[in-house]
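Trainee: Show me the folded form of this:
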Amino acid sequence: MSDAASESQGSFTATLLAAVGGFSIFVIILVVAYLPNKVEPAGDGVKTPAERKAALAELRGKEQTAATTYGWVDKDKGVVRLPLERAVELTIQEAKK
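Mentor: As a prediction, the model looks like this:
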């Protein structure tokens, strides 16, 4: 094998290794950036449309109750939950002072 052929073979090998290495680094960066941010499907295992509808109705019922009733958020700290209308009234009274 001549020096020119040997040099050409070495250059090709170096180029091939650089291309494979660059592609490998790209794939690693892609995996590291994508996997932690992968969105999990919501629903806590709810699968059928009827089950999803029932879960949504339950959630909206809880939200409605929280928005319209009094209750303790943290009794030890003295934090309460007010109905939204009452909270707005108190906020307006406070702003007028």
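Trainee: and Gly61, how far is that from Glu51?
Mentor: 16 Å (CB to CB, to the nearest Å). Backbone N, C-alpha and C define where each C-beta goes, glycine included.
Trainee: For stretch 49-67, buried residues please.
Mentor: If you call a residue buried by 16 or more other CB atoms under 10 Å, then stretch 49-67 has no buried ones at all.
Trainee: mind checking how far it is from the chain centre?
Mentor: 22 Å (CA atoms, centre = their mean, to the nearest Å).
Trainee: hey, which helix or strand in the protein has the poorest pLDDT?
Mentor: Scoring the helices and strands of the chain by mean pLDDT, DSSP states H and E places helix 3-34 at the bottom, with a mean of 84.
Trainee: can you give me the mean pLDDT across the very next helix or strand once past it?
Mentor: Sequence order places helix 49-68 as the next helix or strand after helix 3-34, per DSSP states H and E. For helix 49-68, mean pLDDT is 92.
Trainee: Next secondary structure after helix 49-68?
Mentor: Taking DSSP H and E, what comes next after helix 49-68 is strand 71-74.
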